[in-house]
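Peer 1: coords please:
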Amino acid sequence: MAFPGGRLDPEDGDPEDPDDVLQLPGGPVAAAYVRAALREAQEETGLDPSGIEILGALPKAPVPVSGHDVTPVVGWWTRPSAVDVVDHAESSLVFRVPVLDLVDPDRRHTAEVTREGANRPTLRHRSPAFRVPRQITDPVGGADEVVVWGFTGILLDRVLEAAGWARPWPKDDVRPAPLG
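Peer 2: Residues are numbered from 1 along each chain as shown. This is a model prediction of the structure:
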């Protein structure tokens, strides 16, 4: 499952075009959103789009920090291909995580980022967060863990809820978001 961000490019098409709609298992989806998601995933991770079976789209999700709305596209990776960070300005790490690790309540918390400004009030953004052991994200391992948070954390949380796989987790365990 990839949750690329980004905007629609002209070659993606017009999401309002009633003749450019895909009928998918999850219901009809504007083809422009699917083209954008596959293009972004390829640009950011090198994913081969031909190996993805598109299942549907989730409802639009707001990105609080940017003010954009994103239509997440969900797909099944039927033919895995090599992936890695292609655009370091867009991604910092690409890895697979077993669903059992994502639903483990002991690996969940709420991440918070605080932005202070001289000419505006302090802003706090919170998101669901997932702590993933380094041995999952990096074959050579390590003692650390990777924290998945922000928009990706929000979408993972929504997918787990929608699939009925979510387990109660300590939402009141608030920790600073890892920055940098």
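
Peer 1: now do the contacts for Val132.
Peer 2: 95, 97, 101, 107, 145-148 (CB atoms under 8 Å, 6 or more residues apart in numbering). Every residue, glycine included, has its C-beta placed from N, CA and C.

Peer 1: I meant to write Leu160 there.
Peer 2: Contacts of Leu160 (CB under 8 Å, 6+ apart): 99, 102-103, 166.

Peer 1: and stretch 29-45, how far from the chain's centre?
Peer 2: Taking the mean of its C-alpha atoms, stretch 29-45 sits 13 Å from the chain's own mean (CA atoms, centre = their mean, to the nearest Å).

Peer 1: what residues of it count as buried?
Peer 2: 29-45 (16 or more other CB atoms under 10 Å).

Peer 1: send me stretch 48-65 as CSV with only the CA atoms.
Peer 2: Coordinates of each C-alpha in stretch 48-65 appear next as CSV, following Å, rounded to 0.1, in the frame of the first residue of the first chain:
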residue,chain,number,x,y,z
ASP,A,48,6.6,-0.5,-11.1
PRO,A,49,2.9,0.5,-11.6
SER,A,50,2.1,-2.5,-13.7
GLY,A,51,2.5,-4.7,-10.6
ILE,A,52,-0.4,-3.0,-8.7
GLU,A,53,-4.0,-4.0,-8.7
ILE,A,54,-6.1,-1.0,-7.8
LEU,A,55,-8.8,-1.8,-5.3
GLY,A,56,-10.4,1.6,-4.7
ALA,A,57,-10.0,4.9,-3.0
LEU,A,58,-10.5,6.1,0.6
PRO,A,59,-12.5,9.3,1.2
LYS,A,60,-10.5,12.5,0.8
ALA,A,61,-8.3,13.2,3.8
PRO,A,62,-7.1,16.7,4.8
VAL,A,63,-3.4,17.3,5.4
PRO,A,64,-3.5,19.8,8.2
VAL,A,65,0.0,21.1,7.8
